[in-house]
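1. what follows is a protein structure lacking sequence information:
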């Protein structure tokens, strides 16, 4: 075919970590024991009550389409969860069940972003977020953030970077890769700034629940006119099931319904039935046990990375990542990641996957693996650094 | 929020049948026995070997992300299926497992269609197909087709409607709503026409397997430089699982990989493991039994609709739909559908869901329900017509 890929695809970056992952798999195929600290997927299995609910649905054989917006019972349970955990009232008809947070982004941006419009995001930031903007032929204005704002945007930064083509702002808290939270008052002010400038506000809350100290605040606490992206993948341990949700402003309900019918038909039925058990008392108890374990892992990894000379100016408060400055060891974090993997069999994610700001001086370590393996990884890291 | 929905959403039509479905559910809530002939979902459960494979995966608890392009074993099995059923060689790395055919359309058009470009499609046609074009800010040129071409596009129609903004052609065979197939030689010529004009060819093959007489021909028989959309939903009985696939030209492999990573992460894991059993001998035997049943239903419904004065100039050869002209009974098929439902409790889909050409003179009857229920529906239809 003489036909070329669509122009937008040039703006969509691949994940550099895939190169790391590919090499890691090659090593494993040759029998090497690789420690994975590069992937954003916890080592825990899906909680048993969720598994059981999925199996019960499959046993009926009736795995039929659900309504496009999701099972009414699941939408109602998510609404109740907002009430119970956040004390926020959200009408269930504003909640759309989606194929993961990926589907929620597709729906939110497909419904609201015109070609040529710009979204403001922090740099560093999770790469898919800006790639979704590119998918709809929009642009991302990546705003460099640092420790002084906990690697989060501020109302002042928003106002400073707002232009005629700006459509809105995306905030991700806890942040991937930095694990840092936006302060509640700053979140409120950012939402107000976007609103006063006539823009949209998108809140990526997929790491909510995975916080180790203060709670994460939902954008819904401050406004009903926001898009909130969330997921059962991370806190609820349902990565492979591909089920998440989007909360839309009331004015977008009809449009989101129409889009969901067309671009998904519906989210996988057995995943939705399984997710009904995500809010069970037994499930939540297990998730809290895991959260305690993640907090311990965070403390362990944080301590070791500091000891080994990495810079972590803000102690991460959520998600399962530490974004560590590595200027004492290298000026090229991608090469460092490849060399570390080759020499010691430990995979980490290079900063260039998350933007440009200080990217070559940063590495993301995921504490999605056991304490034993992390201890081994830290020994290997120490040996690697000392040999350089 | 003062912010309006994105412009593209104005071009995306809702499904009018949802209005029918909504009223049908209201009737059912009041205890009425409604016969559903409006939905594109068979009444058969998912075949047992597929269910069992899904349960086995869930029992491991390890429902983790798969590679973005899909489980390597599943891609290999799909490639083998092309060899066995069609005698066509397709490299497994050209096959992307997607969240249903919906995901396949997203991937194909996201990878190839620029904003402002036009795709040629038949009218009538399944509405999502042109709505995906609108999602990427493209345009659809709907070409009226009739019985003379089996409601399919021809090379001559393609050449006649091609303009500077035309990006390519979409053919759906068997067609939804007409159930008609494109002749193999015509398919070949349409592909050649698109290619000689420098355009893309997209083949919607989601009803392959559900054919009652001649086999459906894959576009891959004539060219490797085509996008082929397929699904486990219809023939394989996996609607609610949301798993399908896309075959891309070799030149699009890298772009499709990058897009899939970003817009899906991956397709639901348990659905992919379940689909591994879709090609088992036992499953295929069961699917062939169902195909025989569908053929009998088609014959039954075809005979009755003709007897009741509906026009069906081409006997449908595939899918599970009959698109029937209703000018002897009404000049407004949407109102007819609503009145028929209100009076007799039978739901059918109005023609306006499938385009403009003769839409108000057409109704789609789905034979996705049992022979007994269809017999009852035909009695109700006869009574309804005779009372008008």
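-> Received it, and whenever you're ready, just let me know what you need. Everything numeric here is computed off the predicted structure, so don't read it as measured data.

2. so where's chain A uncertain?
-> Low-confidence segments of chain A, defined by pLDDT under 70: A:1-2.

3. so what's the residue count around the closest residue to residue A:336 other than its chain neighbours?
-> Among residues not flanking residue A:336 along the chain, residue A:330 sits closest, at 4.1 Å (C-beta to C-beta, 6 or more residues apart in numbering or on different chains). Just so you know, the C-beta spots here come from the backbone N, C-alpha and C atoms, and that holds for glycine as well. If you count neighbours by other C-beta atoms under 10 Å in any protein chain shown, residue A:330 ends up with 18.

4. for the one 3 residues further on, same thing?
-> Residue crowding around residue A:333 was assessed by other C-beta under 10 Å; the count is 27.

5. state the distance from it to residue A:316.
-> Separation of residue A:333 from residue A:316 (C-beta to C-beta, to the nearest Å): 18 Å.

6. about what we covered before: helix/strand/coil for the residue nearest to residue A:336?
-> Under DSSP: H, G, I helix; E, B strand; the rest coil, residue A:330 falls in the coil class.

7. equivalent analysis for residue A:209, please.
-> The assignment at residue A:209 comes out as coil when based on three-state DSSP.

8. likewise for residue A:120?
-> At residue A:120 the chain is in strand, as set by three-state DSSP.

9. so what's it up against?
-> Applying C-beta atoms under 8 Å, 6 or more residues apart in numbering or on different chains, we find residue A:120 in contact with A:140-141, A:143, A:153, A:157-158, A:161-162, A:166, A:168-170.

10. so residue A:326 sits against residue A:365, correct?
-> No: using C-beta atoms under 8 Å, residue A:326 is not in contact with residue A:365; the gap is 10.3 Å.

11. more crowded one of the two?
-> Using other C-beta under 10 Å as the criterion, residue A:326 and residue A:365 rank with residue A:365 on top: 27 against 24.

12. doesn't that one belong to a helix?
-> No: going by three-state DSSP, the assignment for residue A:365 is strand, not a helix.

13. quick check: phi and psi at the nearest residue to residue A:247 once chain neighbours are set aside.
-> Excluding its sequence neighbours, the residue lying closest to residue A:247 (C-beta to C-beta, 6+ apart) is residue A:228, at 4.1 Å. When read as degrees, to the nearest 10, the backbone of residue A:228 gives phi -120, psi 120.

14. so what's residue A:228 up against?
-> Contacts for residue A:228 (C-beta under 8 Å, 6+ apart) come out as A:203, A:205, A:218-220, A:246-247.

15. quick one: which of these sit in strands?
-> A:203, A:246-247 (DSSP state E).

16. which of the contacts of residue A:228 sits closest to residue B:5?
-> Closest approach to residue B:5 among the contacts of residue A:228 (C-beta to C-beta): residue A:246, at 14.0 Å.

17. so which of the contacts of residue A:120 wins on neighbours?
-> residue A:169 (29 neighbours).

18. need the contact list for residue A:381.
-> A:304, A:308, A:340, A:344, A:346.

19. for the stretch 51-200 of chain A, just list every one of the helices.
-> All helices of the stretch 51-200 of chain A, identified by DSSP state H, counting those that start in this stretch, fall at A:72-81, A:100-112, A:127-135, A:155-161, A:184-196.

20. dihedrals phi and psi, residue A:227?
-> For residue A:227, the backbone dihedrals are phi -100, psi 130 (criterion: degrees, to the nearest 10).

21. hang on, I meant residue A:229
-> Here is the backbone geometry of residue A:229 (degrees, to the nearest 10): phi -100, psi 130.

22. hang on, it packs against residue A:201?
-> No: using C-beta under 8 Å, residue A:229 is not in contact with residue A:201; the gap is 11.4 Å.

23. near chain B, which residues of the stretch 201-350 of chain A are found?
-> Selection of the stretch 201-350 of chain A residues close to chain B by C-beta under 8 Å from any C-beta of the partner chain yields A:225-226, A:238-242, A:249, A:251-252, A:255, A:257-259, A:261-271.

24. can we see that at 6 Å?
-> By C-beta under 6 Å from any C-beta of the partner chain, the residues of the stretch 201-350 of chain A that approach chain B are A:225, A:239-242, A:249, A:255, A:258, A:261-265, A:268-269, A:271.

25. narrow those to those in helices?
-> Mapping these onto helices (DSSP state H) picks out A:255, A:258, A:261-263, A:269, A:271.

26. for residue A:322, grab phi and psi.
-> Torsion angles at residue A:322 (phi, psi; degrees, to the nearest 10) stand at phi -120, psi 130.

27. oh, that last question was meant for residue A:206, not what I typed.
-> Dihedral pair for residue A:206: phi -70, psi -20, per degrees, to the nearest 10.

28. get me the contact residues on the stretch 1-150 of chain A for chain B.
-> Counting by C-beta under 6 Å from any C-beta, the residues of the stretch 1-150 of chain A that sit close to chain B are A:1-3, A:5-7, A:9, A:12, A:14-15, A:41, A:45-46, A:51, A:54-55, A:58, A:61-65, A:99, A:102, A:110-115, A:128, A:131, A:135, A:137.

29. now do 7 Å
-> A:1-3, A:5-7, A:9, A:12, A:14-15, A:41, A:45-46, A:51, A:54-55, A:58, A:61-66, A:99-100, A:102, A:106, A:110-115, A:128, A:131, A:135, A:137 (C-beta under 7 Å from any C-beta of the partner chain).

30. longest helix anywhere in chain A?
-> Longest helix of chain A, by residue count under DSSP H: helix A:281-307.

31. got a list of what residue A:206 touches?
-> A:101, A:229-231, A:233-234 (C-beta atoms under 7 Å, 6 or more residues apart in numbering or on different chains).

32. please report how far it lies from residue B:246.
-> To residue B:246, residue A:206 is 26 Å away according to C-beta to C-beta.

33. can you check residue A:86 too?
-> As for residue A:86, its distance to residue B:246 is 39 Å (criterion: C-beta to C-beta).

34. show me which of these two is the more surrounded one.
-> residue B:246 (28 against 16).

35. one step back: out of the contacts of residue A:120, who's nearest residue B:20?
-> Closest approach between these and residue B:20, by C-beta to C-beta: residue A:168, at 36.4 Å.

36. please name the bridge partners of that closest one.
-> Per DSSP bridges, the residues bridged to residue A:168 are residue A:119, residue A:200.

37. surely it and residue A:202 touch.
-> Yes: counting by C-beta atoms under 7 Å, residue A:168 sits close enough to residue A:202 to count as a contact (6.3 Å).

38. for residue A:48, list the residues it contacts.
-> By C-beta under 7 Å, 6+ apart, the contact list for residue A:48 is empty.

39. chain center to stretch A:176-189, what's the gap?
-> Distance, stretch centre to chain centre, for stretch A:176-189: 14 Å (C-alpha atoms, centre = their mean, to the nearest Å).

40. endpoint to endpoint, it covers what distance?
-> In stretch A:176-189, first residue to last residue: 21 Å (C-alpha to C-alpha, to the nearest Å).

41. now do stretch A:221-236
-> Across stretch A:221-236, the terminal residues are separated by 22 Å (C-alpha to C-alpha).

42. list the buried ones in that stretch?
-> For stretch A:221-236, burial by neighbour count (16 or more other C-beta atoms under 10 Å in any protein chain shown) applies to A:222-236.

43. counting only strands, which of the residues you listed make the cut?
-> Counting by DSSP E, the buried residues of stretch A:221-236 place A:227-231 in strands.

44. can you tell me which of these is closest to chain B?
-> Distance ranking of those against chain B, using C-beta to the nearest C-beta, places residue A:227 first at 9.2 Å.

45. buried sites along stretch A:372-388?
-> A:373-374, A:376-378, A:380-381, A:384-385.

46. what about the residues you listed, which are in strands?
-> Per DSSP E, the subset of those in strands is empty.

47. ok, so of those, who is nearest chain B?
-> residue A:373 (16.3 Å).

48. residues in contact with the closest one?
-> For residue A:373, the contact set (C-beta under 7 Å, 6+ apart) comprises residue A:35.

49. next one: residue A:222
-> A:187-188, A:191.

50. likewise for residue A:89?
-> Applying C-beta under 7 Å, 6+ apart, we find residue A:89 in contact with residue A:83.
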